[in-house]
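Novice: sequence unknown, structure follows:
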């Protein structure tokens, strides 16, 4: 059943509304990472490493270059692990567009869902972004301590986070927060499995950029399927 939800979402990927949200999510995410790197470069520029002199070593002329190269390498590493969480969080601001497109095609006749206000959407997005980034940064410690299990940890962690947040966002539109949380708790295992399915392509370049929208669409289908059972 979860595979069926995903395949229906995949079949609608050419929908212009899906493409628009993908473009916004990826574009804003790249802008965020570029802005963060520019800030790091600016801060390094405020610090004059050539003024440092160490006993027995003398003046440290190479520190500025090392900091620049190191900061670039760090941003590349962080972008690998955080690009999708960030894109997912940003895309969550446009979930209504994806959900409306799914419901228009697959669930015609439904009354219009209440619109989520910009302030509420921004609050949920920042909360989602904070949890995703925080959890993935903390996971680095586990990757070092348990390198043999790092891949499994990555998929289980991001599967749990993606499933939890995407289902909540899909359900809140029609159920409200309290009932959405209750549904999430009741169907937690299935939601986690669906989230892990979304997490599997995260390490595939380019394909992983589609995951935020595919996730939003898949969990819209999942919500409607579970709601029919209630």
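Specialist: Now that the structure is in, tell me what you want to look at. Note that the structure is predicted; figures quoted are calculated from it, not measured.

Novice: Show me the helices in this structure, by range?
Specialist: Applying DSSP state H to the chain gives helices spanning 2-11, 16-46, 63-91, 95-106, 118-145, 150-186, 188-199, 211-229.

Novice: Pipe the ones you listed into JSON lines and attach distance to residue 112 per row.
Specialist: From N, CA and C alone the C-beta is placed, and that goes for glycine too. As requested, these are arranged in JSON lines below (distance: least, Cβ to Cβ, whole Å):
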{"stretch": "helix 2-11", "distance to residue 112": "21"}
{"stretch": "helix 16-46", "distance to residue 112": "15"}
{"stretch": "helix 63-91", "distance to residue 112": "21"}
{"stretch": "helix 95-106", "distance to residue 112": "8"}
{"stretch": "helix 118-145", "distance to residue 112": "17"}
{"stretch": "helix 150-186", "distance to residue 112": "10"}
{"stretch": "helix 188-199", "distance to residue 112": "25"}
{"stretch": "helix 211-229", "distance to residue 112": "15"}
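
Novice: Just name the most buried of those helices.
Specialist: helix 211-229 (a mean of 23; mean count of other Cβ atoms under 10 Å).

Novice: before we move on, the earlier item: lowest average pLDDT across the helices of the chain?
Specialist: Sorting the helices of the chain by mean pLDDT places helix 63-91 lowest, at a mean of 62.

Novice: nearest residue to residue 224 other than its sequence neighbours?
Specialist: Nearest in space to residue 224, with sequence neighbours left out and distances taken as Cβ to Cβ, 6 or more residues apart in numbering, is residue 107 at 5.9 Å.
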